[in-house]
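# Sequence first, predicted coordinates after that:
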Amino acid sequence: MYHAIVRRNLRASFAEVNRGNYAAIVRQFTPEAEHWFSGGHALSGGRHSPEQIQRWYDRLAEVMPDLRFELKKVVAKGWPWDTVAFVEWVDHLTDREGNHYSNQGVHVVRIAWGKITELHIYCDTELLESVLEKLGGQGVGEAVAEPVGDPGPFREARVGR
């Protein structure tokens, strides 16, 4: 029963993202939560405070205002004080010129007593980087800005290309 509730809550959270209601997502994090996105781009790196997590979601809303997720699988394991969930998804968005893009990936979520303690996001970062560069060329400065928070270990690899 507990895992069914977690899966339902995760589906509801992605529905909020699809509506652009990022405030509902930010409220789900504990004050000491880790929010991490793979790659070396404007959305990558790690955040470790509510303010940084809020800034990251503000950036996401600015860069990808019509971002929508289609969930493929939602799995939850563990106890209420230490639950790990995996959400496999395909996303869809449109750039400022009307071109459509889609990526696929997974969110790995650690939850304690209904609050997110860790969120790690993995996707095709090469595809995402190309979309962000395209958006940057269309005048979306946040798409090519430095990451919010800790840029992570992959930033140097990208700069060195």
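That came through, no problem.

# how near is the nearest residue in space to residue 118 that is not next to it in sequence to residue 64?
Sequence neighbours aside, residue 110 is the residue nearest to residue 118 in space, at 3.9 Å (criterion: Cβ to Cβ, 6 or more residues apart in numbering). (C-beta placed from N, C-alpha, C; glycine too.) Noted for residue 110: a distance of 25 Å to residue 64, by Cβ to Cβ, to the nearest Å.

# again with residue 82
From residue 82 to residue 64 the distance is 32 Å (Cβ to Cβ).

# Who has more neighbours out of the two?
residue 64 (23 against 12; other Cβ atoms under 10 Å).

# Test my guess that that one contacts residue 93.
Yes: contact status for residue 64 versus residue 93: in contact at 4.8 Å, counting by Cβ atoms under 8 Å.

# so residue 119 is in which element?
strand 115-123 (DSSP states H and E).

# With residue 85 instead?
strand 82-94.

# which is the next helix or strand following that strand?
Assigned by DSSP H and E, the successor of strand 82-94 is strand 100-112.

# what comes into contact with that next one?
Contact with strand 100-112 is made by 6, 10, 30, 80-95, 116-124, 127-128, 131, as judged by Cβ atoms under 8 Å, 6 or more residues apart in numbering.

# Please repeat the previous calculation with a cut-off of 7 Å.
6, 10, 81-95, 116-124, 127-128, 131 (Cβ atoms under 7 Å, 6 or more residues apart in numbering).

# Any stretches of this protein with poor pLDDT?
152-161 (pLDDT under 70).

# and the gap between residue 11 and residue 87?
The value you get for residue 11 to residue 87, if Cβ to Cβ is used, is 8 Å.

# can you check residue 101 too?
20 Å.

# ok, the two, which is more surrounded?
Counted by other Cβ under 10 Å, residue 101 and residue 87 do not tie: residue 87 has more neighbours, with 23 against 17.

# Buried residues, stretch 43-61. List them.
For stretch 43-61, the neighbour count (16 or more other Cβ atoms under 10 Å) marks 43-47, 50, 52-54, 56-57, 59-60 as buried.

# Run through the strands of the protein in chain order.
29-37, 45-47, 68-79, 82-94, 100-112, 115-123 (DSSP state E).

# Mind listing what's buried along the third one?
Burial within strand 68-79, assessed by neighbour count using 16+ other Cβ under 10 Å, is assigned to 68, 69, 71, 74, 76.
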